[in-house]
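Asker: Structural data only, the sequence is not supplied:
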């Protein structure tokens with residue numbers, strides 16, 4: 001275990017150095033997108049290419065009905081969101097949709113209400129980049145994204161391991177209907193860790209300061225949300241006491257049940273104990 005952790009720490013340092021070097025260069029990435037809609041389903045294919053030719057392929061399957069034009073917009077918006085999460089600041093995007101490219105440039109007007117919403121959202125998302133350009137390319141120059149979108153719309157069985165697959169539950173223009181805000185009581189158990197990671201501020205009490213310094217490397221902040229790292233699984237989102245109580249109530253009142261290793265349903269008291277251990 002000691003050798004494994006030592007080796008993992010070295011790999012993380014190399015990855016962080018690579019990210020720092022890329023952010024300093026501020027290179028311009030290229031994004032190729034394509035959306036597909038058919039009777040069997042709908043999906044999108046994305047290909048992100050760095051200036052040195054490094055490619056990142058991504059596929060999306062939509063769990064909602066869309067037209068071909070809506071699928072093209074969804075593909076482009078998903079690509080922009082992924083680029084932002086990768087800290088890309090300069091982006092040149094390509095789509096084989098004449099309608100999307102010309103509506104963005106202003107050559108075509110968006111008369112349909114859904115197209116107007118998609119166009120407005122696209123402009124707002126594009127404005128977050130230091131540099132953004134959108135151009136139309138022939139389908140012959142967009143073969144990878146086109147193939148990924150068709151595979152995502154039809155099946156996942158032929159994807160290779162390096163292709164990421166994600167399912168979107170709703171349209172991007174409907175996302176504001178699903179926003180839920182929880183105001184936590186301050187301060188809570190997360191506050192000392194957040195203060196230390198963000199501002200390098202420790203509690204005045206020496207014992208608490210030592211505990212925070214020891215625990216902080218196990219946590220990371222992404223999109224202003226605190227997560228606990230996991231070496232063998234996904235990162236775990238941290239919650240405060242109010243949201244933890246809501247989760248406990250939802251488990252008790254909803255259709256989900258916690259069970260022990262033998263499949264027996266646990267008493268309500270154990271629900272709270274397990275949730276507090278997991279989320280704290």
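Answerer: Okay, I see it. None of the values given here were measured: they were computed from a predicted structure. Numbers count the residues shown, from 1 in each chain.

Asker: and residue 74, helix, strand or coil?
Answerer: helix (DSSP: H, G, I helix; E, B strand; the rest coil).

Asker: quick one: it and residue 174 touch, right?
Answerer: No - taking contacts as C-beta atoms under 8 Å, residue 74 lies outside contact range of residue 174: 11.2 Å. Where you see a C-beta, it was placed from the backbone N, CA and C, and this is true even at glycine.

Asker: Of the two, which one has the most company?
Answerer: Neighbour totals were compared for residue 74 and residue 174, and residue 74 leads with 25 against 12 (other C-beta atoms under 10 Å).

Asker: Let me see the ranges of the helices in this protein.
Answerer: In the chain, the segments counted as helices under DSSP state H are 2-25, 68-85, 98-105, 113-126, 143-154, 191-199, 206-215, 241-253, 268-279.

Asker: between the second one and helix 113-126, what angle do the directions make?
Answerer: With axes from the mean of the first three to the mean of the last three C-alpha atoms, to 10 degrees as the basis, helix 68-85 and helix 113-126 are set at 20 degrees to each other.

Asker: for the third one, same thing?
Answerer: For helix 98-105 against helix 113-126, the angle by the same axes, to 10 degrees is 60 degrees.

Asker: I'd like to know which elements helix 98-105 is packed against.
Answerer: Packing partners of helix 98-105 (3 or more C-beta pairs under 8 Å, 6 or more residues apart in numbering; DSSP states H and E): helix 68-85, helix 113-126, strand 131-136.

Asker: Report the rounded mean pLDDT for it.
Answerer: In this model, helix 98-105 has a mean pLDDT of 93.

Asker: Now do the buried residues in that helix.
Answerer: 99-101, 103-104 (16 or more other C-beta atoms under 10 Å).

Asker: One more: the second one?
Answerer: Across helix 68-85, burial judged by 16+ other C-beta under 10 Å covers 69-80, 82-83.

Asker: Need the contact partners of that helix.
Answerer: With contact meaning C-beta atoms under 8 Å, 6 or more residues apart in numbering, helix 68-85 is reached by 29, 31, 33-37, 42-46, 48, 58, 60, 62, 66, 91, 93, 95, 97, 99-100, 114-115, 118-119, 121-122, 125-126, 128-129, 134, 145, 149, 168, 171-172.

Asker: tell me the angle of it relative to strand 131-136?
Answerer: Using the same axes, to 10 degrees: helix 68-85 against strand 131-136 is 150 degrees.

Asker: Quick one: mean pLDDT over helix 68-85.
Answerer: The average of the pLDDT scores along helix 68-85 is 91.

Asker: With the first one instead?
Answerer: The predicted model assigns helix 2-25 a mean pLDDT of 52.

Asker: okay, the residue nearest to residue 216 when sequence neighbours are not counted: pLDDT?
Answerer: Of all residues beyond its chain neighbours, the one nearest residue 216 is residue 196 (5.1 Å), with distances taken as C-beta to C-beta, 6 or more residues apart in numbering. Residue 196 carries a pLDDT value of 90.
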